[in-house]
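Engineer: fold the following for me, if possible:
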Amino acid sequence: MYVSSRILLTMAIIAAASVSAKAEKVLAQKLECYFDSGTYHDNGKNEPTTEKMKLTFVVSNKGSFMVGNQGASPVEWHSGSSGQTFIEKLDSGAVMTMTVATDNKSKRRPAVYTRHTIFLGLLPQQYYGTCELQ
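Structural biologist: Residues are numbered from 1 along each chain as shown. Next comes the predicted model:
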């Protein structure tokens, strides 16, 4: 059976457009996250945090971003069968990560935000909260 190269090319273009359209639908998302408890490590001991924060994570065909009180930052996005993780790489060499469980059927999904700050030494912090898909 002979299939012309034009037909194969047309089929490939249609398939690529379909995959691209599906990816764009998946990638158009916004997560509103609220963190109200956690701990930080200072002077050799763990302390509870009093800081409450709201972070927004956006994934689109233009990239992935975290929006907080300091403005917007590009982040790497990793999505799997049970959750999503956003990674912000800092010039200091430290990273900030946020992971949200996506297999939970409730509207508000459990999340954890971890900051590895390097400023006059290492100051690790971890916050617990929830995220809601907007």
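Engineer: please make it C-alpha for all contacts and neighbour counts, starting now.
Structural biologist: Fine.
Engineer: F65 touches T85, doesn't it?
Structural biologist: No. The pair F65 / T85 is not scored as a contact, 11.9 Å apart, by Cα atoms under 8 Å.
Engineer: which strand or helix spans Y113?
Structural biologist: strand 108-118 (DSSP states H and E).
Engineer: can you list the strands that that strand pairs with?
Structural biologist: strand 95-101 (antiparallel), strand 122-133 (antiparallel) (DSSP bridges).
Engineer: could you dump those strands into CSV with mean pLDDT and mean neighbour count added?
Structural biologist: Output for the strands paired with strand 108-118, formatted as CSV (pLDDT from 0 to 100; neighbours: other Cα atoms under 10 Å):
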stretch, mean pLDDT, mean neighbour count
strand 95-101, 94, 19
strand 122-133, 90, 18
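Engineer: out of those, which gets nearest to T50?
Structural biologist: strand 122-133 (10.1 Å; Cα to Cα).
Engineer: Provide the contact partners of the closest one at residue level.
Structural biologist: 29-42, 49, 100, 107-117 (Cα atoms under 8 Å, 6 or more residues apart in numbering).
Engineer: all strands for this structure, in order.
Structural biologist: 29-42, 45-48, 53-60, 63-68, 71-74, 76-79, 83-89, 95-101, 108-118, 122-133 (DSSP state E).
Engineer: lowest average pLDDT across those?
Structural biologist: Set side by side, the strands of the chain give their lowest mean pLDDT on strand 45-48, at a mean of 85.
Engineer: which elements pack onto that one?
Structural biologist: With contacts taken as 3 or more Cα pairs under 8 Å, 6 or more residues apart in numbering; DSSP states H and E, strand 45-48 sits against strand 29-42.
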